[in-house]
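1. pasting the structure only:
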């Protein structure tokens, strides 16, 4: 389970660095970054991407599915830099890591707890009301999403 510890240390380090640098770069917006069908992926690359969007001041437009690691934008991009369209959907689930010995993804409670910790309270509350983070994906859309983020004009 050495890969589990490496993953958790890498994620904790990336999250700590992100939090320390986020407040230092309030720049004006330049352009829109549009999400139209993002299924997620490796967490640290998303953290870097969302740090860059925050620092640049670009507006993040959620215009379709934003699943798994993509939802971490809510932890790193200020709400005034985000808007959602009627097609926007956020999909949340528990964290997993790749187990080298088993050659498959396995759930990680520590990773899930860490991800929950970085989400804003409104998203944590919504997740809790919908059964928490498990391996089953839960989708936020429509009125629930519009209550948290402004609608794109």
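-> Received the coordinates, thanks. This is a predicted model, so every value here is computed, not measured.
2. what about the helices in this protein?
-> Secondary structure of the chain (DSSP state H): helices located at 2-22, 43-56, 73-76, 109-118, 121-129, 142-148.
3. where among the ones you listed is average confidence lowest?
-> Ranked on mean pLDDT, the bottom entry among the helices of the chain is helix 2-22, at a mean of 46.
4. wait, residue 83 touches residue 73, no?
-> No: between residue 83 and residue 73 there is no contact under Cβ atoms under 8 Å: 11.6 Å. For the C-beta atoms, the positions are set from N, CA and C on the backbone; glycine is no exception.
5. please identify which of these two sits among more neighbours.
-> Per other Cβ atoms under 10 Å, whichever of residue 83 and residue 73 has more neighbours is residue 73, with 24 against 19.
6. middle-most residue in the protein, spatially?
-> Residue closest to the mean C-alpha point of the chain, counted by Cα atoms, centre = their mean, is residue 72 at 1.1 Å.
7. quick one: contacts for the closest residue to that one other than its chain neighbours?
-> Spatial nearest neighbour of residue 72, chain neighbours left out: residue 46 (5.1 Å); criterion: Cβ to Cβ, 6 or more residues apart in numbering. Contact analysis of residue 46 by Cβ atoms under 8 Å, 6 or more residues apart in numbering lists 40, 69-70, 72-73.
8. overlap of the contact sets of residue 83 and residue 73?
-> Between them, residue 83 and residue 73 share the contacting residues 60, 62, judged by Cβ under 8 Å, 6+ apart.
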